[in-house]
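Peer 1: sequence first, then the predicted structure, then my questions.
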2 protein chains.
Amino acid sequence: MLLKPKGKKPSRRQFLTAAAAAPVAAVAGRVAAQETPDPAIVEKQPWNQFLGPGVDEAPYGMPSKFEAHVRRQNVPWLTADPVSSINFTPLHELDGIITPNGLCFERHHAGVAEVDPSQHRLMINGLVDKPLVFTMEDLMRFPRENHVYFLECAANTGMEWAGSQLNGCQFTHGMIHNVMYTGVPLRLLLEEAGVKTSGKWLLPEGADASGMTRSIPIEKAMDDCLVAFKMNGEALRAEQGYPVRLVVPGWEGNMWVKWLRRIEVGDKPWHHREETSKYTDLLANGQARRFTWEMDAKSVITSPSPQMPIKHGPGRVVVTGVAWSGRGTIPRVDVTTDGGMNWHQARMSGPSLDKSMHRFYYDFEWDGKPLLLQSRAHDSTGYVQPTKEQLRTVRGDNSIYHNNGIQTWAVNEQGVAENVEIS
Amino acid sequence: MLLKPKGKKPSRRQFLTAAAAAPVAAVAGRVAAQETPDPAIVEKQPWNQFLGPGVDEAPYGMPSKFEAHVRRQNVPWLTADPVSSINFTPLHELDGIITPNGLCFERHHAGVAEVDPSQHRLMINGLVDKPLVFTMEDLMRFPRENHVYFLECAANTGMEWAGSQLNGCQFTHGMIHNVMYTGVPLRLLLEEAGVKTSGKWLLPEGADASGMTRSIPIEKAMDDCLVAFKMNGEALRAEQGYPVRLVVPGWEGNMWVKWLRRIEVGDKPWHHREETSKYTDLLANGQARRFTWEMDAKSVITSPSPQMPIKHGPGRVVVTGVAWSGRGTIPRVDVTTDGGMNWHQARMSGPSLDKSMHRFYYDFEWDGKPLLLQSRAHDSTGYVQPTKEQLRTVRGDNSIYHNNGIQTWAVNEQGVAENVEIS
């Protein structure tokens, strides 16, 4: 095994040398809870001595004060201006497959538009028989669907192209969230307007100051796109495009236009800024991959991870993470604790939904020796998540977007995890 | 059709006479959006004239300011003291099947305990080989599962036993929520402690000042109960039992003990207060039904409803609602617009999950005449949701709990809906 730490912290190299040499054996059956039970212990706790407050006076509830550390977190130096900034989903603190709306990452190109739904309009124009303008109330009169989909920014894990740069899955993989959307199939709105036979592409446009636009082929629009107004049951959040956004299942997040105000139908793509100078993949030969819309199968271990060290010493450890594919479901994830010498099939848990996050677990007995943790997703097309080196062989070293390579966490004897790269 | 308005408002009787006489015809294909499109309309909107704020400085996001009306709502006179009070989920404003954590109804018997997770303990004692005390960290080392389950208070819709009392599905049906739980199967913890062969019942106990206890048969505990610490991906909310609660899928909410601190194993039920003087069903003959744990199949139309009138006049209307069963899934819901003369099979949307809410839609063309809207759930056992009269025939007039009768909304020509009863 060749260790290739590209990270900025010099201490990692030293750490890794030790980690790579460590064999890991799994031993089953250790008991986690070993305290001598004292029946008085639950009686002595202070919270059963007094009456707590009644029903929350706040009409909208918030997390416990003991969970203040579970938060979206930004990295100010990643973007030039706060209005075009990013914050990250705290994946390491989450479980299951639903991202709570208050913790969904944000990415804006001109800040958050505060749109009054009573004044908002959605126009469909261009190569249609009958241009239409919809109020929000109009949209609520079309048949609705409900689907859980992941939304991943194309730049998620982008910093890792140059080697392990950021510590913690919140920062390496946190530009993703997974919620249930309620919306109207875009197909129904297009059918209402009547797309001309020459209409082959769509240009959705956002109502914020960036006027975000992307070209989308008509086949995708007629297949599974939604004009969505709810996420996880309630109205979209302002930072997610309130009152209405486009949902483009499995495709890069930039195309899911927020504050959707217009959809133009045309006969060819528009080649706007966000699909030429941005959101394209410059290869080693100087040519750029374009229209790389689909997000390939990917996974990451969320715990243990740099923000979630093993604190309890050797014994039972729950390894868990998430996997997703823009091309279908995730029937299988493999986990290794020794940097890929041995792979174990993880246990999938919870519903397996198309183009959604899937939760996996690998429960094992830790002997206290260093670990090299990795996960590897298989999607329903048969595709297997590649290593970062395999990606670089094909794409070169210029890329920003679409890094779905296998992530490695090195765990030392104290249970502390770091972002490293091995090959 | 016999109209039997039992509600407090005398105006209802008059209204219903008109409503009952109105035949409703469905006509397909009307266009919802009828404005003449003006391309300037989307350009004139103010939110694209300036840069909005960047990523939210609040680490935990909140709904748009335009959604302030979407809130949990209490009814102060329902309980004697605020610490034992209730608020209600705004079902009428929600769609899909996930209830956001901030909008999940609350019911407390001694207010909200603010439990420090680092100090909290869960004890298993009684008829076990080895009594155990678990810290939260201990629990996190056991294999976890993820499931979406509804939690319904046994008293949900309880006011309706005496006829239509409260207006709006938030109040008639809002003591329910539906979230994805992450937790450890209770079976695994019991196996760790080793249940003696004489151990047939469990007594879970809460850490709040009410010390909530309920008797649960061992078969249910070994089947699908969870010791849960997350809901919709993040930590349980304080008002939902943070840091750990019992999940008893499909059974009445009172048994889902919050702030779970102890589980005693015994050989018979304990007959505590909450399963004798409360949460039992007094029949007409003076005998009480007991241990009526399972929540039978039920449904309600959430829109149109008293809080969600039809504002747009005749034409396309989306009728939507939720259905659930403590005994399985909901393969089918029927909707009537004429008080049961004609039933139409609704369209189910989104994942169909065991002991979870299901979303249904009935898209129809409204001719502007009065409606009597009802929904009727069928569950996977073949059970069909009964009328309120059918329930009263069996249970008499003394009941508080387990009212799963068909709900009726009368909609007038102006689109205003009211809670009424017909038979």
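Peer 2: Structure's in. What do you need?

Peer 1: ranges for the strands of the stretch 101-250 of chain A?
Peer 2: A:106-107, A:122-126, A:132-134, A:145-152, A:176-185, A:201-206, A:216-217, A:226-231, A:234-235, A:245-247 (DSSP state E, counting those that start in this stretch).

Peer 1: turn these into CSV, including distance to residue B:294.
Peer 2: Every residue, glycine included, has its C-beta placed from N, CA and C. Compiled in CSV, those are given as follows (distance: least, CB to CB, whole Å):
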stretch, distance to residue B:294
strand A:106-107, 42
strand A:122-126, 45
strand A:132-134, 44
strand A:145-152, 26
strand A:176-185, 26
strand A:201-206, 47
strand A:216-217, 47
strand A:226-231, 30
strand A:234-235, 29
strand A:245-247, 36
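
Peer 1: closest to residue A:385 out of these?
Peer 2: strand A:145-152 (13.6 Å; CB to CB).

Peer 1: name the strands paired with that closest one and say parallel or antiparallel.
Peer 2: Here strand A:145-152 has these sheet partners by DSSP bridges: strand A:176-185 (antiparallel).

Peer 1: can you give me the angle the strand it pairs with makes with strand A:226-231?
Peer 2: Computed by axes from the mean of the first three to the mean of the last three CA atoms, to 10 degrees, the angle separating strand A:176-185 from strand A:226-231 equals 120 degrees.

Peer 1: just how off-centre is strand A:176-185 within its chain?
Peer 2: Counting by CA atoms, centre = their mean, to the nearest Å, strand A:176-185 is centred 13 Å from the centre of its parent chain.

Peer 1: can you list the domains in chain A?
Peer 2: Domain assignment for chain A by automatic domain parsing gives A:11-22+A:294-420, A:103-289.

Peer 1: average pLDDT across the longest one?
Peer 2: Over the span of domain A:103-289, the pLDDT mean works out to 95.

Peer 1: swap in the shortest one?
Peer 2: Computed over domain A:11-22+A:294-420, the mean pLDDT rounds to 91.

Peer 1: that one vs chain B: in contact?
Peer 2: Yes: residues of domain A:11-22+A:294-420 contacting chain B under CB under 8 Å from any CB of the partner chain: A:311-312, A:315-318, A:320, A:347, A:349-351, A:353, A:359, A:361, A:363.

Peer 1: and the residues you listed, which is closest to residue B:156?
Peer 2: So of the residues of domain A:11-22+A:294-420 next to chain B, ranked by how close each gets to residue B:156 (CB to CB), first place is residue A:351, at 25.3 Å.

Peer 1: isn't that closest one right next to residue A:97, touching?
Peer 2: Yes: if you go by CB atoms under 8 Å, residue A:351 and residue A:97 touch, sitting 7.3 Å apart.

Peer 1: re earlier: how about JSON lines for the strands of the stretch 101-250 of chain A, with mean neighbour count added?
Peer 2: Shown next, in JSON lines, are the strands of the stretch 101-250 of chain A (neighbours: other CB atoms under 10 Å in any protein chain shown):
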{"stretch": "strand A:106-107", "mean neighbour count": "22"}
{"stretch": "strand A:122-126", "mean neighbour count": "22"}
{"stretch": "strand A:132-134", "mean neighbour count": "24"}
{"stretch": "strand A:145-152", "mean neighbour count": "24"}
{"stretch": "strand A:176-185", "mean neighbour count": "26"}
{"stretch": "strand A:201-206", "mean neighbour count": "23"}
{"stretch": "strand A:216-217", "mean neighbour count": "18"}
{"stretch": "strand A:226-231", "mean neighbour count": "25"}
{"stretch": "strand A:234-235", "mean neighbour count": "24"}
{"stretch": "strand A:245-247", "mean neighbour count": "26"}
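
Peer 1: who touches residue A:122 in this structure?
Peer 2: Counting by CB atoms under 8 Å, 6 or more residues apart in numbering or on different chains, residue A:122 makes contact with A:133-134, A:139, A:227, A:244, A:260-263.

Peer 1: mind running it again at 6 Å?
Peer 2: A:134, A:260 (CB atoms under 6 Å, 6 or more residues apart in numbering or on different chains).

Peer 1: do residue A:129 as well
Peer 2: Applying CB under 6 Å, 6+ apart to residue A:129 gives the contacts residue A:194.

Peer 1: so is the closest residue to residue A:254 other than its chain neighbours in a helix, a strand, or just coil?
Peer 2: Distances taken as CB to CB, 6 or more residues apart in numbering or on different chains place residue A:279 nearest to residue A:254, at 5.5 Å, with adjacent residues excluded. For residue A:279, the secondary-structure state derived from DSSP: H, G, I helix; E, B strand; the rest coil is coil.

Peer 1: ok, the residue in the stretch 201-350 of chain A that chain B sits nearest to - contacts?
Peer 2: Residue of the stretch 201-350 of chain A nearest chain B, by CB to the nearest CB: residue A:350 (3.4 Å). Residues counted as contacts of residue A:350 (CB under 6 Å, 6+ apart) are A:96-97, A:359, B:146.

Peer 1: apply 7 Å and report the result again.
Peer 2: A:96-97, A:359, B:146, B:180 (CB atoms under 7 Å, 6 or more residues apart in numbering or on different chains).

Peer 1: farthest pair in those residues?
Peer 2: Farthest pair in the contacts of residue A:350 (CB to CB) is A:359 and B:180. Separation: 9.6 Å.

Peer 1: any common contacting residues for the two?
Peer 2: Common neighbours of residue A:359 and residue B:180, counting by CB under 7 Å, 6+ apart, are A:96-97, A:350, B:146.

Peer 1: make a markdown table out of these and add secondary structure and distance to residue B:401.
Peer 2: Converted to a markdown table, these look like this (DSSP: H, G, I helix; E, B strand; the rest coil; distance: CB to CB, whole Å):
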| residue | secondary structure | distance to residue B:401 |
| --- | --- | --- |
| A:96 | coil | 30 |
| A:97 | coil | 33 |
| A:350 | coil | 31 |
| B:146 | strand | 29 |
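
Peer 1: out of the residues of domain A:11-22+A:294-420 next to chain B, which end up buried?
Peer 2: Among the residues of domain A:11-22+A:294-420 next to chain B, those classed as buried by 16 or more other CB atoms under 10 Å in any protein chain shown are A:312, A:315-318, A:320, A:347, A:349-351, A:353, A:359, A:361, A:363.

Peer 1: about what we covered before: quick one: closest of the strands of the stretch 101-250 of chain A to residue B:204.
Peer 2: Of all those, the one in closest proximity to residue B:204, counting by CB to CB, is strand A:176-185 (30.1 Å).

Peer 1: residues making contact with that closest one?
Peer 2: For strand A:176-185, contacts defined as CB under 7 Å, 6+ apart pick out A:89, A:97-99, A:101, A:104-105, A:139, A:142-152, A:156, A:226-232, A:247, A:356-357, B:95-98, B:350.

Peer 1: verify the assumption that residue A:376 is located in a strand.
Peer 2: Yes: counting by three-state DSSP, residue A:376 is found in a strand.
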